[in-house]
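please work out how this folds:
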Amino acid sequence: MPELPEVESLAEFLRGHAVGRRVGAVEVYGFQALKTVDPPVTALAGRTVNAVARHGKFLDLDCDGLHLVTHLARAGWLRWQDDLSRARAVRPGKGPLALRVRLA
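Below you'll find the model as predicted:
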């Protein structure tokens, strides 16, 4: 399970790389990644990431007032790719990827 310094480092990284960018799409590959259906994750598309915060072991992306909050759970990880055009296609329920956020 990630500890607080690692989560704070991820938050700092996202502040430098995601803030100011527009959410292009949110793709859910693992149902366990969702804890709400209203509003749907598709409501994040087109919104701008305004801030990134850490609340304990949770990462919080403020997207024009709508928040995407994530917990990395046991052995969780976040992978950043500058170019998702070459990202492999993912079949839902297959593999470790639960959620992908594409930024414009």
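
where do the helices sit along this protein?
In the chain, the helices defined using DSSP state H lie at 4-17.

can you give me the strands for it?
Using DSSP state E, the strands of the chain run over 23-28, 49-55, 58-63, 66-71, 99-103.

ok, the closest residue to residue 99 other than its chain neighbours - contacts?
Nearest residue to residue 99, sequence neighbours excluded (CB to CB, 6 or more residues apart in numbering): residue 33, at 4.5 Å. For the C-beta atoms, the positions are set from N, CA and C on the backbone; glycine is no exception. In this structure, residue 33 makes contact with 70, 98, 99, judged by CB atoms under 8 Å, 6 or more residues apart in numbering.

one more time with 10 Å
Residues near residue 33 by CB atoms under 10 Å, 6 or more residues apart in numbering: 26, 41, 70, 71, 73, 97, 98, 99, 100.

just the strands of the chain: most buried one?
Stretch with highest mean neighbour count among those: strand 58-63 (a mean of 18; mean count of other CB atoms under 10 Å).

picking that back up, I'd like the contacts of residue 33 as TSV, with pLDDT appended.
Shown next, in TSV, are those (pLDDT from 0 to 100):
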residue	pLDDT
26	90
41	90
70	88
71	85
73	75
97	80
98	82
99	84
100	85
